[in-house]
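Asker: coordinates only, sequence not included:
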């Protein structure tokens, strides 16, 4: 496995600073816990059968609908359990970029890919405001349980839009924050639900395509977007 050059992320961040387009943080410190070294506690949290995203991982991967030869970015890949599933589905002619801001997650993904003999995974060290992918390098960006962790969503989605090829798509799976219905942890931790996310995506230059229903996803919504023609 090879790690995608971190230089791309550094250049992207520098360009954002030079252009003066850097936005105000929507939630300062939201990712501070990921700065800690190690992955053990995250394995226990992310890969628990009580977590519906992990429990329904095969159904999610099927519903995403990647094809052989597709180039896909798993943005906020974490421990990589979905990265690996996508790599199996796109086959050796496709590439899956496992993107995360935590280097230890990338090391774990590389280790797991090597153990499975998967050679079509590249890990990418992103930053707080950029996924660090090359322009026109992916067909799909998959963002699972991560959008609410974007501290600078406008800048991050702009970097994703640059990375997408013409006609490229985005899938967001995240908690649907519903006051009066969602559990308190979601209300405290997540800044916006389905409607807020859709509105922001439209503002960022994407068009909503559809919401997808997956059996077993009760707290999370699944929304498909594509680059807007406007």
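Answerer: Great, that's in hand. None of the values given here were measured: they were computed from a predicted structure. Numbers count the residues shown, from 1 in each chain.
Asker: helix or strand right after the helix or strand of the chain with the lowest mean pLDDT?
Answerer: When each helix and strand of the chain is scored by mean pLDDT, DSSP states H and E, helix 7-19 comes last, with a mean of 41. Scanning the chain past helix 7-19 towards its C-terminal end, the next helix or strand to appear is helix 40-46 (assignment: DSSP states H and E).
Asker: which residues sit against the helix or strand harbouring residue 82?
Answerer: When secondary structure is defined using DSSP H and E, the element that contains residue 82 is helix 81-90. Under the contact criterion CB atoms under 8 Å, 6 or more residues apart in numbering, helix 81-90 has outside partners 46-47, 54, 57-58, 60-61, 64, 66-72, 74, 77, 94, 96, 98, 109, 112-113, 116, 118, 120-121, 142, 144. (Glycine included, C-beta is placed from N, CA and C.)
Asker: which residues does residue 186 contact?
Answerer: With CB under 8 Å, 6+ apart as the criterion, the residues that contact residue 186 are 175, 177, 219.
Asker: one step back: so which of the contacts of helix 81-90 sit within strands?
Answerer: The members of the contacts of helix 81-90 that map onto strands under DSSP state E are 71, 72, 74, 96, 98, 121, 142, 144.
Asker: could you identify the most distant pair in these?
Answerer: Within those, two members stand farthest from each other by CB to CB: 71 and 144, at 17.4 Å.
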